[in-house]
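Trainee: Pasting a predicted model and its sequence here:
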Amino acid sequence: MNTITNLLTVASMAAPDGEPAKAFALGEVVPEAGAAGGPGWAGLILLFPILSLIACGVFAALRVRSKLPAFTTVGFLGASFATTVALYLGHEQPYVVHLFDWINLSWGEGATATTFAANFALYVDTLTLLWMLFVTGLGTLIALYASEYMEPDLGVGYSRFFAGVSIFLFAMSCLVMGDNLVLLYLGWEGVGFASYMLIGYYYTRPAAVAAAKKAFIVNRIGDLGLALGIYLTWHAYGTVEYEALFRAFAEGGLATEAGGWQTAAIPYLFMIGAFGKSAQLPLYVWLPDAMEGPTPVSALIHAATMVTAGVYLLCRVYPLMTLHPAALPTVAWVGGLTALLAATIGMAQYDIKRIMAYSTVSQLGYMFLGVGVATTYAAAYHVFTHAFFKAVLFLTCGAIMHGFAGQLDLRRLSGLRQMPGWRIVSYTMLYGCLCLAGFPYLTSGFFSKDKIMIEAFVTEGPGFRALGVIALVTALLTAYYTFRVWFRVCAGPKHYEMGDDHHGADDHAHGDDHGHGHHEPHPPRLAINSVLVIITAMAAVAIFLAPWLKDMVKSSSAGGGVPVVAGHEGGFWADPHQWMPLVASLTTLLGIGIAAYLHLLNRPAADRLRSGLLASPATRWLPVAMERKWYVDEVYHAIVRAPLWVLGKAMWAVDRWLLDGFVVDGTASLPRRLGRSFQPLQNGLLQSYAVSMAGGVALVALLVLYMPELLEALRGFRGGEG
Amino acid sequence: MDPMPILLILLPLLGAIPIAFLPSERAKWIATAVTSVTFAVSVIAAMRFGAKWTDGTFGFLAEIGWLETVGVTLNMHADSVSMMLVLLTTFLMPLCVIGSFSAITTRQKEYYAWLLILQAAMTGVFFAKDLIFFYVCFEFTLVPMFFLIALYGGDNRSAASIKFFLYTFTGSLITLAALLWTAWSYADAAGSWAMAFDIPTLTEHARTLPLATQSWLLLGLMAGFAVKVPLFPVHTWLPLAHTEAPTAGSVILAGVLLKLGTYGIYRFVLPMLPDAVAAYAPALGVLAVIAILYAALICWVQDDVKKLVAYSSVSHLGFCVLGLFALNPMGLQGSVLYMINHGLSTGALFLLIGMMYERYHTRDMNRVGGLGKKMPVWATFMVFFVLSSVGLPGLNGFVSEFLCLIAAFTATGDAGLPYPGLLGPWFAAFAGLGMILAAMYLLIMTGKVVFGPLKEPGHGHGDHEDHGALPADLSPREIGVLVPLAVLCVVFGLQPTVLTDRLEQPVERLLVDAGYPDAVRAELQRRAGETPARMAGDRPAAETAAVPTPTEVPANVDADADAATIPGAGATGAPDPTDLALIDGRIPAPPFELVKEPVDG
């Protein structure tokens, strides 16, 4: 059986990508592109989205009213994807491609010479390529989907939308391909900005603006953790470049004890960053709100790609995650608990897009659980499969939203699969749901989730078995809430109510030229349907990609997290590899069965169950709290935002009344008051002038008499200081 | 003798003359021409600066006599830091002038003349090689600014202008006293006043002064510079002045005038007083961190957009000061970068707010909002510069903020570091919270002003009709003002090496010449030798009472180094004369009497 300690050793050995060990000194200059032999055209992957952004900017300035921005973006992103594929086909060894200098400082001479180098340079290994393949691939497809989805906004926000998508792709490419932590940070905040811009796409709606703001600010909390982690990494190892870092790490071995808190804190700081970006406890609250953005954005950014950046970060710096023995178990526990919590909330929501959002949080929890139980391979596999099936789910939600004028309430939609033109949506959604639920053997989600749950039982760690049980319970809940959606929306009797807004943009005038004016749903057309089919097919193909993915992860910096499969003694029940598929299958089928009973076969039973729970005072808190998302937003408001606001007000009062009013203005008014106090002296009475004159003369006389003593005293005073 | 500095000061000064004699409609065009020509000349100057950009020494030496009997001159010189700040000034001025076209409709002659005079004074500060010349320019910036606020400001302009003037003037007087004392002490030691006001000479002299004297000088110098920066708790003049100043006034105030404070710290405090700075760096760092968080929290509860950005300057310059007192090359470079980047992005924000104010005559976020719908171009620029100010990587603000923070983080007393420091991770962690707060207040502001449902102040107040001349969205003139700033934000965000390559040598030279690594190490040893519970930044005077305990100091400290830890002896090791000696006999008959000479000792 693997234990954490074992894996840590593996990690440290696998880290330097088989490079010969070299003596590492503080600030050693890392070999640049020429030496490492990376192809310079890899930079095109970053350049294409920038070109696309510029083009969209020009189109916006020219007020183009056609679909030109969309097709330009699709073209550039497709080129980016093609470049990535070419890069993948020619890939053998990890290498660095130096594009241009960014932050590059050096000081000191000789032995104390120090450099800080964070350049625009790409680090290409198999992990990079894995991520880039699905990021650019899905990016292209979803941009194509959006060309149809966003058409009500033609000429209004159309160019802005595709500019946002281009920025996102650029930033995400920097995040994944950067050869140093600072460039990763650029991408990290860049995707945060793209997310901000796109969540707030319908900027006249206060809810969208609030959600965008919340996403950026909550992410910033995580970003601070990441930034501090980068500072500490540089402080401890003298570099932020992966290649040098992994080499330094291999040289120093497990510096846990020797490095003291300075190295031990690094994994925790990175973790905070990852939890922020990937919506884990306690920073997950922004993701469900992010659904205010247009649905293609939710699919691309808030399901498939950006939110997996946290998993990518932990895989990328996986060797560093082993700097403290409790770091990975912390990740595992946070992931497991997030998965469970989000699933319970997802069960009680009615907005299908929100349910998908919570399921994303929950599935991200699984991925972190995977990283935490030291199986980066399973985590990356789940990232990969999830990217496709969750994209399908969001895109089908988007198609429904698009066709039913913003209707997302699962109580107001039913029997979609029987409606003309909605068949592709219904059945691609069904496959997406099966993947999410982990339907045995036919779906990629089953295999990837299984691998994570198996490792939770295999790996030795604090409470990992309990985490495995939590993961199984979560799988049950997931199957239930996923099929609650499908049985409600796609199956059952035909029934629908149109939504009351036009893609949420109540003031975007596009009523009559388009299907929404009259209250008839309009089914998706070619662009949406073809993208749905392609991505669904990819989700199915992913079943067979497990060995390929294993190789990809193994030869990267996360290679330490590919479990070594060892024989297990003691028969069927002693080996999780054997019993897990069976148990997981039964769990899933049970969940689907419950959903089928409550939401397809006997829908009134669901209402009776709910009203039964609500009727009893002992149980009514449960559905209410789940619906109200366990009051987490309210609690955060009460313990973080409100006190800070009060503090701000208090500081403002201190500034105005105490510092400026009392101290500054008070001091400034002293001369005037002093003057006022002497005013009575100038009373024009001769005798009082005589008295003051006499007093003055006496004072001068005294001074003259005692001058030497006074000076002596003064000198003593000054000497005392010196 | 290089004419460039003289030219750059004289051009705007002379440009003010025709404005006085020609009709007032032409004033703005003359000012535009003069500032543009000055900018062109400064670019030529930058090209002629050549190798001096990177070798860290001073160039552009110009020697002009003035009051030669007392050693006061009009000498000028420049290193790359001053050149950068001069370029920032000459770059911002034409934008300020062009940006004022529609806002200033009365008393135009005076307005543009004061702007030009202000430019000359600011350029003088950065070029000055002579202490008195420096101080004259430093103080003279107050006069044009006073009139700009008092004549063209908002409703509360007279109070704001008086507070601005008196507050900063009081601070600078104390600085003057400290500087004069240093000059006098030099003259006393050298026996001549010949070079007593030469800044490089004085700097070298001041380093030799004992710790206690340096500490008093630090207090004196910081009195003026900290007010100018402004550093908590002497910042309260700034929000008022910013809010009431006309747009161009705010831009110059934020863009250049605040930088006089940080430049003063860079040029005087750091090189002159290494021992005292080492002793007080943590205390000043704490003040900087307080400024960052305190001002950021205040920003959050503001309703007036301009006041919000004004307070954000206090918060941002906290980072700048933090970088300076990290005492390592990274921090100094980050800090100089911060000066420039803050000038660009905050200057642009003030311009944008001015453009909004010209159209709506309010800056109250509760009354005006959702302008993205009505002014998409304005909104795009607003979001862009907000992001630059928030420190989004890829734009300029990030690089400087990042460098200041990482410098503070790594400014530990680690013996292995080439430049040990006296701050540390906690400083960066707390200052980093300012990053989160900055995102909060700036995005909340953006959310209200740019996004959300359109909200315009109700019609019928009568005074809102006069913006008929301005289009609903930005005019080409206004776009033309903003584009150069935006371009520089991107360039400095992606190619900061343009600046950092030119700063590497100067900042390292500063640190090495002032003996920082040793001063900091001495301070660290001094602390290690004392009770561990002692707080950083205690009064050095208290150290006379503390008995050095040789048994507690690290083993590698020998007797000599031990002597160096005795307070008052300074880092130079040799027992310096106390300043008592200066009062006594050896005064070389100054040409004018600074102190009444007491009885003969």
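Mentor: Thanks, I have it. Residues are numbered from 1 along each chain as shown, chains lettered A, B, ... in the order given.

Trainee: just the strands in chain B please.
Mentor: In chain B, the strands defined using DSSP state E lie at B:59-62, B:65-67, B:72-73, B:76-78.

Trainee: Now do the buried residues in the longest one.
Mentor: It refers to strand B:59-62. B:59, B:60, B:62 (16 or more other C-beta atoms under 10 Å in any protein chain shown). C-beta: built from backbone N, CA, C; applies to glycine.

Trainee: picking that back up, reformat the strands of chain B into JSON lines and put mean pLDDT next to each item.
Mentor: Formatted as JSON lines, the strands of chain B follow (pLDDT from 0 to 100):
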{"stretch": "strand B:59-62", "mean pLDDT": "87"}
{"stretch": "strand B:65-67", "mean pLDDT": "82"}
{"stretch": "strand B:72-73", "mean pLDDT": "86"}
{"stretch": "strand B:76-78", "mean pLDDT": "91"}
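
Trainee: Could I get the ones you listed in a markdown table, plus columns for distance to chain A?
Mentor: Rendered in a markdown table, the data for the strands of chain B read as follows (distance: least, C-beta to the nearest C-beta, whole Å):
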| stretch | distance to chain A |
| --- | --- |
| strand B:59-62 | 22 |
| strand B:65-67 | 30 |
| strand B:72-73 | 28 |
| strand B:76-78 | 22 |
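
Trainee: Adding distance to residue A:498, write those out as JSON lines.
Mentor: Output for those, formatted as JSON lines (distance: least, C-beta to C-beta, whole Å):
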{"stretch": "strand B:59-62", "distance to residue A:498": "73"}
{"stretch": "strand B:65-67", "distance to residue A:498": "83"}
{"stretch": "strand B:72-73", "distance to residue A:498": "83"}
{"stretch": "strand B:76-78", "distance to residue A:498": "70"}
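
Trainee: closest one to residue A:195 among the ones you listed?
Mentor: strand B:76-78 (44.5 Å; C-beta to C-beta).

Trainee: mind showing which ranges of the chain have poor pLDDT?
Mentor: In the absence of a named chain, chain A is used. A:1-37, A:252-259, A:501-519, A:564-570, A:716-722 (pLDDT under 70).

Trainee: nope, chain B
Mentor: B:458-469, B:530-601.

Trainee: Break it into its domains for me.
Mentor: B:4-458+B:476-519, B:548-601 (automatic domain parsing).

Trainee: Now the terminal residues of the first one, how far apart.
Mentor: When you say that, I think you mean domain B:4-458+B:476-519. 37 Å (C-alpha to C-alpha, to the nearest Å).

Trainee: Show me how far that domain is from its chain's centre.
Mentor: 4 Å (C-alpha atoms, centre = their mean, to the nearest Å).

Trainee: which one is residue 421 nearest to, not counting chain neighbours?
Mentor: Defaulting to chain A. Take residue A:421 and drop its neighbours on the chain: the residue closest to it by C-beta to C-beta, 6 or more residues apart in numbering or on different chains is residue A:523, 2.8 Å away.

Trainee: You answered for a different chain; I wanted chain B.
Mentor: Closest to residue B:421 by C-beta to C-beta, 6+ apart is residue B:411, at 2.5 Å.

Trainee: what about the one you found, how many neighbours?
Mentor: 30 (other C-beta atoms under 10 Å in any protein chain shown).
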